[in-house]
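1. Attaching a predicted model along with its sequence, questions to come.
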Amino acid sequence: MRNTSGSIARSLGLRAKTTTCAAVCAVILLQVLPAAAAWPERPIRMIVPQAIGSSTDNVARIVATELAREIGQQVVVDNRPGGALQLGLELTVQAPADGYTIAYAPIGALAIAPHLMAKPPVDALRELGPVGQTVTGHQVIMAGLKTPFTSLQEIIDYARKNPGKLFNASSSNGSPGHIGFELLKAMAGINVVHVPYKGGAAALVDLMGGQVQLMMEGLNSATPHVKAGRVRGLAVTGPKRSPIFPDIPTVVEAGVPNYVVTVWHGVVAPAKTPRAAIKVLNAMVNKAITSPEGTRRILALGSEPNPGTPEDFWKLVRSDRERWGEVIKRAGAKID
């Protein structure tokens with residue numbers, strides 16, 4: 001078995017050097033900003049486009065807590081689920097571009113959902129601007145305990161013989177769980193019915209209750225339920241096994257060649273937010289996610305801190321928008 005914890009530690013060690021430099025830059029920026037325009041002078045609103053208890057919300061609250069410590073102001077989490085993850089982004093765009101409203105955006109909101117809509121309400125690449133990436137993570141494919149399935153291959157075999165008889169839940173239309181499962185269906189040649197929910201917590205309740213049989217969800221929200229044995233974790237979607245579930249195979253190992261799906265989160269702001277505020281925010285977010293407490297809590301949820309520049313984050317968003325656009329087009333997926 002690979003020494004995954006060692007590689008993570010080395011990776012975080014390298015990131016710590018970058019974070020130290022970023023923190024110094026942030027202090028310098030705060031010193032050169034005019035006293036009359038010191039930022040931040042009041043609490044910051046962080047809009048989360050998914051429900052309380054979702055995988056995105058779980059990490060957003062860690063980031064908000066650690067960010068508040070770094071900037072010396074409260075960071076208020078404002079959950080605004082709906083509209084295939086676009087409602088929260090729409091509210092962010094409508095907010096004053098003064099550095100006091102930001103959004104905590106998952107891959108689904110920025111790179112996936114827009115391809116599912118005839119007219120997305122937000123042109124994210126034009127109307128929003130990057131602050132920085134926060135984490136990279138995996139998803140896990142789960143089966144309810146009321147099903148007989150103990151492996152992903154058993155699900156595939158059953159679904160091929162019984163098309164349309166299985167139901168897979170997702171936290172919302174356009175979520176990584178939704179589109180990740182659509183990709184799995186296309187690559188495995190199976191027909192499973194998608195059931196979108198308003199948040200991962202509600203979907204997990206129905207998975208445990210037997211109303212749906214399957215679900216693909218981020219480890220951030222699925223981990224407690226898998227560890228407690230309330231659901232069966234059958235495969236993780238990343239290129240390697242998760243350090244917190246070393247006994248759960250990847251989808252590739254479970255029998256679907258070339259299937260790899262990673263997820264990420266990041267922070268964005270209205271496009272015209274002052275550059276000075278963005279630079280300070282980026283430095284403080286990087287410091288928050290790589291602080292000892294922030295790192296510990298993020299790793300415990302099955303994600304990894306991933307600090308970087310605003311430009312790095314926007315490059316990732318553009319790349320994944322292109323990739324998922326092609327996947328969605330091939331799969332014929334659309335908002336239900």
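-> Perfect, thanks for sending it. Numbers count the residues shown, from 1 in each chain.

2. Double-check that residue 207 belongs to a helix.
-> Yes: secondary structure assignment places residue 207 in a helix (DSSP: H, G, I helix; E, B strand; the rest coil).

3. Pretty sure residue 75 sits against residue 62.
-> No: applying CB atoms under 8 Å as the test, residue 75 and residue 62 come out as separate, 11.0 Å apart. All C-beta atoms are positioned from the backbone trio N, CA, C, and that covers glycine.

4. Secondary structure class of residue 135, three-state.
-> State at residue 135, reduced to three classes by three-state DSSP: strand.

5. residue contacts, it?
-> If you count contacts by CB atoms under 8 Å, 6 or more residues apart in numbering, residue 135 has them with 59, 264-265, 289, 298, 303-306.

6. Give me the phi and psi for residue 253.
-> In terms of degrees, to the nearest 10, the main-chain angles of residue 253 are phi -60, psi -30.

7. how many neighbours does it have?
-> Residue neighbour count, defined by other CB atoms under 10 Å, stands at 13 for residue 253.

8. same thing with residue 324?
-> As a burial measure, residue 324 scores 26 neighbours (other CB under 10 Å).

9. tell me how far the helix or strand in which it is found is from the chain's mean position?
-> Taking DSSP states H and E as the criterion, the element that holds residue 324 is helix 310-331. The gap between where helix 310-331 is centred and where its chain is centred comes out at 14 Å by CA atoms, centre = their mean, to the nearest Å.

10. same for it, what does it pack against?
-> Counting contacts by 3 or more CB pairs under 8 Å, 6 or more residues apart in numbering; DSSP states H and E, the secondary-structure elements packed against helix 310-331 are helix 124-127, strand 128-137, helix 176-188, strand 263-270.

11. so which of these gets nearest residue 41?
-> For residue 41, the closest of these is strand 263-270, at 16.6 Å, according to CB to CB.

12. Beyond that closest one, next helix or strand please.
-> Next along the chain after strand 263-270, taking DSSP H and E as the criterion, comes helix 275-290.

13. Check which residues of the helix or strand following that following helix are buried.
-> Next helix or strand after helix 275-290 toward the C-terminus (DSSP H and E): helix 292-300. Taking 16 or more other CB atoms under 10 Å as the neighbour-count basis, helix 292-300 is seen to contain the buried residues 294-295, 297-299.

14. shaky segments in the stretch 101-250 of the chain?
-> Across the stretch 101-250 of the chain, not a single residue meets the criterion (pLDDT under 70).

15. Excluding chain neighbours, what is closest to residue 181?
-> Excluding the flanking residues, the one nearest residue 181 by CB to CB, 6 or more residues apart in numbering is residue 216, at 4.7 Å.

16. about what we covered before: and which of the buried residues of helix 292-300 is nearest to residue 120?
-> In terms of CB to CB, no member of those lies closer to residue 120 than residue 298, at 29.4 Å.

17. my guess is the closest one meets residue 65, correct?
-> No: Residue 298 lies out of contact with residue 65 (CB under 8 Å); the separation is 11.4 Å.

18. which of the residues in the helix holding residue 324 are buried?
-> Under the neighbour-count criterion of 16+ other CB under 10 Å, helix 310-331 has 310, 312-314, 316-317, 320-321, 324, 327-328, 331 buried.

19. now do stretch 231-251
-> For stretch 231-251, by 16+ other CB under 10 Å, it's 231-238, 241-245, 248-251.

20. related to what we said a few turns ago, need the buried residues of helix 310-331 in JSON lines with pLDDT and distance to residue 205, can you?
-> Conversion of the buried residues of helix 310-331 to JSON lines gives the following (pLDDT from 0 to 100; distance: CB to CB, whole Å):
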{"residue": "310", "pLDDT": "98", "distance to residue 205": "37"}
{"residue": "312", "pLDDT": "97", "distance to residue 205": "37"}
{"residue": "313", "pLDDT": "98", "distance to residue 205": "33"}
{"residue": "314", "pLDDT": "98", "distance to residue 205": "36"}
{"residue": "316", "pLDDT": "97", "distance to residue 205": "32"}
{"residue": "317", "pLDDT": "97", "distance to residue 205": "32"}
{"residue": "320", "pLDDT": "94", "distance to residue 205": "30"}
{"residue": "321", "pLDDT": "95", "distance to residue 205": "32"}
{"residue": "324", "pLDDT": "90", "distance to residue 205": "28"}
{"residue": "327", "pLDDT": "81", "distance to residue 205": "29"}
{"residue": "328", "pLDDT": "85", "distance to residue 205": "28"}
{"residue": "331", "pLDDT": "70", "distance to residue 205": "27"}
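
21. Redo the residues you listed as CSV? Include distance to residue 89.
-> As requested, those are exported to CSV (distance: CB to CB, whole Å):
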residue, distance to residue 89
310, 17
312, 20
313, 15
314, 15
316, 17
317, 12
320, 16
321, 14
324, 16
327, 21
328, 18
331, 23
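
22. Report the secondary structure state of residue 212.
-> Reducing the assignment to helix, strand or coil with three-state DSSP, the entry for residue 212 is coil.

23. and it, what does it touch?
-> With the criterion set at CB under 8 Å, 6+ apart, residue 212 makes contact with 144, 167-169, 195, 203, 206.
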